[in-house]
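> Fold the following and give me the result.
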Amino acid sequence: MMRDRLANELKDALKAKDTVRTSTVRLIQTAIKDRDIANRGLGKDPVSDDDIMQIFVKMIKQREESAKIYEDNARPELAAQERQEILVIRSFMPEQISEEKVRELCASIISETGAQGLRDMGKCMNALKEKYTGKMDFAKASGVVKELLK
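Next up, the predicted model:
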């Protein structure tokens, strides 16, 4: 289970005195706890491993945006820190699917769902997210699906 893996990684990072990894794992655990609390308020179960993958994707996207802003404002040291956190977060995710494979998967999802045009794009994206959460970049996949549905 991902929670156990994160706890073990935190222990290892603390022992190794790896400050970047320690702080990033703590940020991940905090994000998971926040989602657990929000779910509890809505009467839902604690987050699953799939939900944790979605949290990872969101955290990476936030850090990429922050790194770009830091670079645009001549703060390369802060951009580098954001990129180090991205590497730590990605280490918990499964290997990303290649662009060629993403194109194949998008084409197969379109045929599976029977999508006819751009109005069916949401249906295709939902199917992709169900099957490949954390394994592909959905921004790129969205572009591929859009291109294939035209």
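
> Report how many residues lie close to Glu130.
Residues lying near Glu130 (other C-beta atoms under 10 Å) number 10. Just so you know, the C-beta spots here come from the backbone N, C-alpha and C atoms, and that holds for glycine as well.

> got it, and Asp45?
Using other C-beta under 10 Å, Asp45 has 9 neighbouring residues.

> what helix or strand does it sit in?
Secondary structure assignment for Asp45, by DSSP states H and E: no helix or strand.

> who's in contact with it?
Contacts for Asp45 (C-beta atoms under 8 Å, 6 or more residues apart in numbering) come out as Asn39.

> Chain neighbours aside, what residue packs nearest to the residue nearest to the spatial centre of the chain?
When C-alpha atoms, centre = their mean is applied to the chain, the residue found nearest the centroid is Val57 (1.3 Å). In space, and not counting its chain neighbours, Val57 is closest to Gly134: 6.2 Å by C-beta to C-beta, 6 or more residues apart in numbering.

> and the one you found, what pLDDT?
Looking at Gly134, its pLDDT stands at 74.

> What separation is there between it and Glu9?
17 Å (C-beta to C-beta, to the nearest Å).

> Secondary structure class of the residue of the chain most remote from its centre, three-state.
Within the chain, the residue lying farthest from the chain centre (C-alpha atoms, centre = their mean) is Gln116, at 28.5 Å. Recorded secondary structure, Gln116: coil (DSSP: H, G, I helix; E, B strand; the rest coil).
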